[in-house]
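Visitor: Need a 3D model of the following:
(chains A, B, C and D)
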There are 4 protein chains.
Amino acid sequence: MEGSSLSDGGGGPSSDRDKNQLEVVFYPDCSHRRKSSLVTADNPKLRQSLEQVDRTTACFVHSLIAGEWIAPSTAQNENPQGKDRVLEMERLVGDANITTGDEMVSVVDFGDKIQKPSPTVIQSRHLTKRQLSDMAWNVRKLSKKLGSIRLRLSVENVFLVTKPHDESLVSLTRKVTQWLLSKDRHTPYNVYVEKRLQTHPDFAAVQLLEEEPTAQGRLHYWDTKLAQDHPHLFDFVVTLGGDGTVLYTSWLFQRIVPPVLSFSLGSLGFLTKFDFNGYQDTLTSAFREGVVVSLRLRFECTVMRTKPRPDDESRPGAPKRDLVEELIGEEQGDTLTHTPDKLFQILNDVVLDRGPNPTMSQIELFGDDEHFTTVLADGICIATPTGSTAYNLAAGGSLSHPENPVILVTAICAHTLSFRPIILPDTIVLRMGVPYDARTTSWASFDGRERVELHPGDYVTVSASRYPFANVLPFGSRGEDWVQSISKTLNWNSRQKQKAFK
Amino acid sequence: MEGSSLSDGGGGPSSDRDKNQLEVVFYPDCSHRRKSSLVTADNPKLRQSLEQVDRTTACFVHSLIAGEWIAPSTAQNENPQGKDRVLEMERLVGDANITTGDEMVSVVDFGDKIQKPSPTVIQSRHLTKRQLSDMAWNVRKLSKKLGSIRLRLSVENVFLVTKPHDESLVSLTRKVTQWLLSKDRHTPYNVYVEKRLQTHPDFAAVQLLEEEPTAQGRLHYWDTKLAQDHPHLFDFVVTLGGDGTVLYTSWLFQRIVPPVLSFSLGSLGFLTKFDFNGYQDTLTSAFREGVVVSLRLRFECTVMRTKPRPDDESRPGAPKRDLVEELIGEEQGDTLTHTPDKLFQILNDVVLDRGPNPTMSQIELFGDDEHFTTVLADGICIATPTGSTAYNLAAGGSLSHPENPVILVTAICAHTLSFRPIILPDTIVLRMGVPYDARTTSWASFDGRERVELHPGDYVTVSASRYPFANVLPFGSRGEDWVQSISKTLNWNSRQKQKAFK
Amino acid sequence: MEGSSLSDGGGGPSSDRDKNQLEVVFYPDCSHRRKSSLVTADNPKLRQSLEQVDRTTACFVHSLIAGEWIAPSTAQNENPQGKDRVLEMERLVGDANITTGDEMVSVVDFGDKIQKPSPTVIQSRHLTKRQLSDMAWNVRKLSKKLGSIRLRLSVENVFLVTKPHDESLVSLTRKVTQWLLSKDRHTPYNVYVEKRLQTHPDFAAVQLLEEEPTAQGRLHYWDTKLAQDHPHLFDFVVTLGGDGTVLYTSWLFQRIVPPVLSFSLGSLGFLTKFDFNGYQDTLTSAFREGVVVSLRLRFECTVMRTKPRPDDESRPGAPKRDLVEELIGEEQGDTLTHTPDKLFQILNDVVLDRGPNPTMSQIELFGDDEHFTTVLADGICIATPTGSTAYNLAAGGSLSHPENPVILVTAICAHTLSFRPIILPDTIVLRMGVPYDARTTSWASFDGRERVELHPGDYVTVSASRYPFANVLPFGSRGEDWVQSISKTLNWNSRQKQKAFK
Amino acid sequence: MEGSSLSDGGGGPSSDRDKNQLEVVFYPDCSHRRKSSLVTADNPKLRQSLEQVDRTTACFVHSLIAGEWIAPSTAQNENPQGKDRVLEMERLVGDANITTGDEMVSVVDFGDKIQKPSPTVIQSRHLTKRQLSDMAWNVRKLSKKLGSIRLRLSVENVFLVTKPHDESLVSLTRKVTQWLLSKDRHTPYNVYVEKRLQTHPDFAAVQLLEEEPTAQGRLHYWDTKLAQDHPHLFDFVVTLGGDGTVLYTSWLFQRIVPPVLSFSLGSLGFLTKFDFNGYQDTLTSAFREGVVVSLRLRFECTVMRTKPRPDDESRPGAPKRDLVEELIGEEQGDTLTHTPDKLFQILNDVVLDRGPNPTMSQIELFGDDEHFTTVLADGICIATPTGSTAYNLAAGGSLSHPENPVILVTAICAHTLSFRPIILPDTIVLRMGVPYDARTTSWASFDGRERVELHPGDYVTVSASRYPFANVLPFGSRGEDWVQSISKTLNWNSRQKQKAFK
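Guide: The predicted model follows:
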């Protein structure tokens, strides 16, 4: 037994095996391959990238600490035994803990970041079960570490997000922009606001620059393309709005997410933990004294489209296509059955539903290489812990603390008495598909934003993302505050107080 | 041990603080102390133990690998930089992975084990939040490691458990016993069976020894005291029965749990993964080729009793006692309000309910040092992931995969429309208490077995246990099998199949 | 038309059969008899009563209108075609509707009422399915009628109920008592208060009579026996407290219930519809202008105890007793298997649960002469529509408008995924029993008050009661107010209002 | 206003009032009118019809017995005091009960029926609260009566329905058709089959008439128009298929429904109570010995469209329209705000949902003239008792016995923790509307078949229908069978049977 079932993901020899395989293997002893993933085999760039998979997260905070910041140090040299970067990073984070008093200086600068070649993206679904599990594990580990340290960042480029289409927020955005641009610092801030404000009368950009002449050249405008292509440009994101604005920010940053500090304009929400009224003090303190970051698990979702079969197989008399067989059946040749289409990182949930169809959906649910069940329902909701208070709540799911490394699976109006929500580890790859003999299409919706039609044979993969969402918390805030949040925001376990008789 | 991984993240001097303080501190910056825990202050032995807390699990498998087996090595010497044992242990487990081919020999022997001074038990509730979190983390880590390795144990002492009070199982137990005793090996097995069998006619002990003369001196009898006081004696536990028998085994081994291989006598259950009909092959293979072990999270529960106040405080006019104030209020002097009573390690759930009282219970629920909510209900069920398919199911909770490191909190018949089950991380310490002004007592029940009355002012603490339950799985078994289990055992998402018309 | 409306629909001779049979027959064509009900056969008085069953309700309001008041009229004479009294009563009620302007004078007087021989009580479980169905139907019909008329009663004897054991209400009770006794009327009020007040210092009865000398002889004291034995004595009941006090009033009046007007001392409840602050105006108007009465469905519950079998049948080798067989099996001889024990009229619910037993209950549920299902659960809750907002809510049942003529059946923590609450017509007789082979007893609790242990073989019958509860409503109050009640009292469909940003 | 609140619906003087009012008045003392219903005022035909409203049901069975059959008798003459027809009908039905042995002959014949002028349809929403309540009450009463009598019908015209679009059923339909046409009787059957069969090769109509020459002129074809316009033509409906086919039959007969006997081609369902394998015996017995009919409550639903306001009111500065104000606010002038659009009789449910919209719906729910609540959810399901096992089940509603006279209101994925399904009496008029300021439209779907888009301001009324659905039951079948149905069809309260150990 050459280490197959004994090998752990961290060790040296196993990396050789990793290099030679591209198919997704759930278990070393397992002969199943997800045939639809063979698409990767003919992509040399991806092949190369997979060889370098280090199973780290791809979190911004990670890269700040482990990547740029640590790079100059001789971390690698001190680690000649081939330990992987993740462990190093941890040790350094560990050291950081006890070197309090020193400034934790980030040397990340603008020029560096944009020159970096953008790396080939490794998607979760390409990982082996082991790699995925290790990656998810490292997100958990980083998340745990971050829960107890204060990150001091060298902030230069600030990205401002507000509720789109809400005109009333334009003047507030202007206020914050002006305040940031006016700060007299060694390295003054660059501020990025949404492109539509450039010409918005309430924002009055020209006048703003007149009022703050030094701001010339430091007021920039972003569009979604800039956010998606150059997330490394930004050191810090500030949002004005509610939880929906934070969700929008997650959608803007589909890979690396800079730390996001969210101001609420009403009552505090699950992700908006700062009151806008104190924005000056909050930002001053965040930039000067550092922030506590909570990493929120995101899911990576890929829409997989069924490929038409070659002519000779679709002739009359050919066996009917069977989604279960194609996804977890024995492999026969290198025939690709599916090709990847869109890819999403979600913070709340992916929902498959019947859309405008009057009849219920039939959805095949797979976990790793098992066929879990056939769901006859209006739909199915796969939620992150963060999303447990969103649609998952409406569908009857339990409320999950955001730190739990779990996937919440809840049917929407199941047409059976015995569907109970289930909670799975974030190390499982879920796949949900529309069977070939389904009468209707289904619709997939990602964080309630993108809506994609799934035709018979199509499916969606869901797995823990390498790009968690970095949410800035107030100092002294704790996980237990979450119960206060659900009590206040959702009236959890609330009761009518009896009016006392006078 | 320079405190590196012991340090909380808040600052440098914390390592000194840890040494000098015994109270439970949740957060470095937090001035709250659980006053009722001050009980530990005058116990020098405990004080010393706490100073040496290494936050490892106290799992049998852990101790096998990390403790006895590794001890003779120079692990500590190779680690002069002060790394703590947990990391070492992991690396060794890692190494073990790739030294396949060698026997993984356990040198644990009978004599050694009983001579070892029994260590002072550190209970979860004495740990700081940081220590508890690290400990829970290490259970998770060990659990992950074990999920992918095959443990080869040197089995000598086998502990047999069957359903208590089920007479029909006596002859099956005799069969297994005889088969084990008859195996011709270098080191023949010692078999421990329940004491009541010694004189049971169906077991016919005398005759058994006549049939198997070499077994003389190798057939032993256990009672609950032996199991509880000397768990290290046993290398392997075999159970015959159902999930209830496994639960009973968990109750027998209140600290260290040897690996438990469970045979089902009917349909397979959540914890009974082996069909009794193949017991000979199963055991032969397990002892020869090793086993895969799944660590099941257990909770440690302590019943805390309210202490009467000194006379001068209970005089008329003295302020009324308030449980919320006593548990999370500001500390005033060293007054102990509570003393610990019974301690339980549970595998399924701890339930507080109204017992025989006709009216609903009022229960105060605390998480770490927050008062979560007041539950007006028939009771509350705090379940492990393993217990999610037991009482938690009946109370309306979600079904949780056993690998999730979570605590499931579900009200039993809450007298409100807005109680939804919540899922918390296993790093939180829960406390549930009966308020001082409650009209009735409540009852706590541990794994449905022990039932303890709680008077006003009493409470129960619940936290992740250092003693997980080591459940042996079949080779090639995977976490995803769990969905098949709930489908078959609970009819999850089952539907009436339409009878086709002929 | 003798017996016309008594006849079941199946055939002519049935009227003869009705006269000669005492067993309960659900359907004319049905050979099943509830053997345990044969108990009635040797009771000549009951036999006679059953022959005279008129399937009317036994509501106080009914008897006021149809009985005493109508009796002197020649209603029967005007109805030579043999119409039964129920129809007459209705016509009269109908006539009453249009004779507005006239006083609707009740001639009921004290002397009459206590001299009346108390009638043999016909219990619901003795009725045939047809009789029961007709009786339930007549309650519905009366209830509908009452919903739209204003009853003007000649009130003389007022019965005051307050929350038992609540000392703070004594002085309020005194206030109301004094006010009632001081009213200068042609026929001054007699007021009945609870016996314990007679000597209560805060009530100060002696002083009260000194302050109100004319009240001499008009202040009386009641105990539970008086309420239960002579309900006809009282023309009107006034309660001070909350819904619990109304429930207590229902318990006091186990048969006929006088109209009950309930003052709330806090926020209004489901049954307490009048604010105490306006008690003088409310009572003045009620007595002068009449009241609108809502009849609340009550259930009649009988505890049935298993009878030991004659010696020769309990000998070894005799077949084991089977509850299902005994309740719905074929009849064999006249062997009585059960005898009736206690009898309760309930307004909220009857709950069977496991009481202090640590394990779940096994309950056999029967509807008429069908075995519905075996419930494995913590218990089962059978609620009236009024009780739908009480324990039924906690058990997960739907909320039912109080006018629905239904029985709500909800399991308490069913140990299965597929138990969904069911709603049955109030014309079904439910029986819930503990099977003979149950390991433990169960406990039945009636309106959360009386708690009775059920041993294996015992069962409880539940059927619509002939004694509905007459709850006085404010003028202009409507059924739709119920949704406002659940919104305000239970926070039904409430949401956190977003705090707007200023 | 003499007698206003005392008047019952049956009495003489009240009819004068009825004649003079056309608006819908919920309560006599109530000044609210549903302004949108004023549409009726200018329709003289409707005005006349309303004057003749007798609040009877419009059930086929009713009309058979009460209308045609009774008409020749001097029922009206015997009732000079002005009793309404409903009471008469009952007495006659009552007589019918005891005249067993006689043939209950229906003299309904083809010619009569088609010459009858089709009456002006009175829709439920035009009725006063009192009229509606009386009408619902009479459906209940008729339903009760029918539960215990056997209707012997003179069947001549048989209407055959099969699952539309299911080709496999064509030959079975041919079988039944041929068998019916071949019966040698005094009055041979006319058989109506679906129009598409006329030319269907498997049905082979020409050949069928060759095989059965006497059938010439007795084989007819129906289309939906015939069923909807001339329901009186048909004496009996036979369906082949499943519950869906019965639902389709309900949709075909939007007013009067002849008795429907439904054969199941698979396992029996909730509405298909006869096994197709025995169709010859079943039909022979039904036509010769009569049938037991269960009346299933249907709801009448009207889509109400908002009317644009006159120009001068929609000018800038005019107050915004408010649905709550328009539906239950004080009336101001005769301005009509809404006009009726489509009308549906439903057997299962009306569902409002978000259709293809990605965001949740906001729905205003009214009961009579109260604004119940604002539902934020995916939608809302209003189900009949029959529909409680359909979509209502999926949405989490309770299961209701079909005889309960109730309306089941269940939110679909409510975005709140505190929405619990509610059960209302069938005497309430529900209205569900899309508020004027809603961001999106909603969709209403009737029995899952018709799907109608609702724009802001539109609403749907739901009330008990005067046209219940007459479902034929097997002899000896009882309401209690329903629990067996949910157990078998839905696996209600089913448990995994433990495999015993051999």
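
Visitor: who touches the residue in the stretch 151-300 of chain A positioned nearest to chain D in this structure?
Guide: The nearest approach of the stretch 151-300 of chain A to chain D comes at A:Gly244, 10.7 Å away (C-beta to the nearest C-beta). C-betas here are computed from N, CA, C, even on glycine. Taking C-beta atoms under 8 Å, 6 or more residues apart in numbering or on different chains, we find A:Gly244 in contact with A:Lys163.

Visitor: The longest strand along chain A: partners in the sheet, and parallel or antiparallel?
Guide: In chain A, taking DSSP state E as the definition, the longest strand is strand A:370-383. Using DSSP bridges, the strands paired with strand A:370-383 are strand A:349-353 (antiparallel), strand A:361-367 (antiparallel), strand A:406-414 (antiparallel).

Visitor: For it, list every residue counted as buried.
Guide: A:370-373, A:375-383 (16 or more other C-beta atoms under 10 Å in any protein chain shown).

Visitor: that older thread, how about the strands paired with strand A:370-383 in JSON lines, adding mean neighbour count?
Guide: As requested, these are exported to JSON lines (neighbours: other C-beta atoms under 10 Å in any protein chain shown):
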{"stretch": "strand A:349-353", "mean neighbour count": "27"}
{"stretch": "strand A:361-367", "mean neighbour count": "23"}
{"stretch": "strand A:406-414", "mean neighbour count": "27"}
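
Visitor: want to throw those into a markdown table with mean pLDDT?
Guide: What follows is the strands paired with strand A:370-383, written out as a markdown table (pLDDT from 0 to 100):
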| stretch | mean pLDDT |
| --- | --- |
| strand A:349-353 | 97 |
| strand A:361-367 | 95 |
| strand A:406-414 | 97 |
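
Visitor: Distance to B:Glu156 for these - can I get that in a markdown table?
Guide: As requested, the strands paired with strand A:370-383 are arranged in a markdown table below (distance: least, C-beta to C-beta, whole Å):
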| stretch | distance to B:Glu156 |
| --- | --- |
| strand A:349-353 | 52 |
| strand A:361-367 | 39 |
| strand A:406-414 | 40 |
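
Visitor: C:Arg150 is nearest to which of those strands?
Guide: Ranking the strands paired with strand A:370-383 by proximity to C:Arg150 (C-beta to C-beta) places strand A:406-414 first, at 45.5 Å.

Visitor: packing partners for the next helix or strand after the closest one?
Guide: Using DSSP states H and E, the helix or strand that follows strand A:406-414 in sequence is strand A:422-425. The contact analysis (3 or more C-beta pairs under 8 Å, 6 or more residues apart in numbering or on different chains; DSSP states H and E) places strand A:422-425 against strand A:406-414, strand B:399-400.

Visitor: my guess is the residue of the stretch 151-300 of chain A closest to chain D is in a helix, correct?
Guide: Yes: counting by DSSP: H, G, I helix; E, B strand; the rest coil, A:Gly244 is found in a helix.

Visitor: separation between it and A:Val472?
Guide: A:Gly244 is 18 Å from A:Val472, where distance means C-beta to C-beta, to the nearest Å.

Visitor: A:Gln254 is in contact with A:Thr224, isn't it?
Guide: No: counting by C-beta atoms under 8 Å, A:Thr224 is not a contact partner of A:Gln254; they are 9.5 Å apart.

Visitor: Comparing these two, which shows the higher neighbour count?
Guide: Between A:Gln254 and A:Thr224, A:Gln254 has the larger neighbour count (other C-beta atoms under 10 Å in any protein chain shown), namely 21 against 13.

Visitor: In contact with that one, which residues?
Guide: A:228, A:343-345, A:467.

Visitor: got the residues of the stretch 401-502 of chain A near chain B?
Guide: Within the stretch 401-502 of chain A, the residues that sit near chain B (C-beta under 8 Å from any C-beta of the partner chain) are A:401, A:403-406, A:408, A:411, A:414-416, A:418-425, A:427-428, A:476, A:478-481, A:483-484, A:486-487, A:490-495.

Visitor: Can you select the buried ones from the residues you listed in ChimeraX?
Guide: Filtering those down to the buried ones (16+ other C-beta under 10 Å) takes a single ChimeraX command:
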select /A:401,403,404,405,406,408,411,414,415,416,418,419,420,421,422,423,424,425,427,428,478,479,480,483,484,486,487,490,491,492,493,494,495
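
Visitor: quick one, domains of chain A?
Guide: If you go by automatic domain parsing, the domain ranges for chain A are A:35-151, A:157-297+A:468-486, A:299-464.

Visitor: just checking, which of the contacts of A:Gln254 belong to strands?
Guide: Those of those lying in strands (DSSP E): A:343-345.

Visitor: Give me the subset of these that also touch chain C.
Guide: When contact is defined as C-beta under 8 Å from any C-beta, the ones in strands among the contacts of A:Gln254 do not meet chain C at all.

Visitor: Whichever of those residues end up buried, select them in PyMOL.
Guide: Applied in PyMOL, the following selects the buried portion of these according to 16+ other C-beta under 10 Å:
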select buried, chain A and resi 343+344+345
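
Visitor: Can you tell me which of the ones in strands among the contacts of A:Gln254 comes closest to chain D?
Guide: A:Phe344 (14.3 Å).

Visitor: residues touching the closest one, list them.
Guide: For A:Phe344, counting by C-beta under 8 Å, 6+ apart, the contacting residues are A:254, A:300-302, A:350, A:446-447, A:450.

Visitor: of all those, which two lie farthest apart?
Guide: In those, the most distant members under the criterion C-beta to C-beta are A:Thr302 and A:Asp447, with 14.9 Å between them.

Visitor: Got the phi and psi for A:Tyr306?
Guide: No, residue A:306 isn't Tyr; it's Thr. With angles defined as degrees, to the nearest 10, A:Thr306 sits at phi -70, psi 140.

Visitor: and it, how far is that from A:His338?
Guide: Counting by C-beta to C-beta, the gap from A:Thr306 to A:His338 is 6 Å.

Visitor: Now tell me which helix or strand of chain A has the poorest mean pLDDT.
Guide: Using mean pLDDT, DSSP states H and E, the weakest-scoring helix or strand in chain A turns out to be helix A:85-98, at a mean of 27.

Visitor: now the stretch 251-400 of chain A, which segments are flagged as low pLDDT?
Guide: A:311-316, A:331-335 (pLDDT under 70).

Visitor: Break down the stretch 251-400 of chain A into its strands, ranges please.
Guide: A:260-264, A:274-275, A:292-296, A:299-306, A:338-346, A:349-353, A:361-367, A:370-383, A:399-400 (DSSP state E, counting those that start in this stretch).

Visitor: what's near enough to touch the residue nearest in space to the middle of chain A?
Guide: The residue lying closest to the centre of chain A (C-alpha atoms, centre = their mean) is A:Arg298, at 3.1 Å. A:Arg298 makes contact with A:250, A:345-347, A:384, A:464-465, A:467-469 under the criterion C-beta under 8 Å, 6+ apart.

Visitor: any idea how far it lies from chain C?
Guide: 26 Å (C-beta to the nearest C-beta, to the nearest Å).

Visitor: Equivalent analysis for A:Leu327, please.
Guide: 27 Å.

Visitor: Repeat that for A:Leu473.
Guide: Going from A:Leu473 to chain C by C-beta to the nearest C-beta gives 21 Å.

Visitor: Which helix or strand lies directly C-terminal to whichever helix or strand A:Lys225 is part of?
Guide: Element membership for A:Lys225 (DSSP H and E) is helix A:224-229. Moving toward the C-terminus from helix A:224-229, the next helix or strand (DSSP H and E) is strand A:236-241.

Visitor: send the alpha carbons of that following strand over as CSV?
Guide: Output of strand A:236-241 as CSV, limited to C-alpha atoms (Å, rounded to 0.1, in the frame of the first residue of the first chain):
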residue,chain,number,x,y,z
PHE,A,236,-10.1,48.5,1.9
VAL,A,237,-13.8,48.6,1.0
VAL,A,238,-16.4,50.7,2.8
THR,A,239,-20.1,50.2,2.2
LEU,A,240,-23.0,52.4,2.9
GLY,A,241,-26.5,50.8,2.9
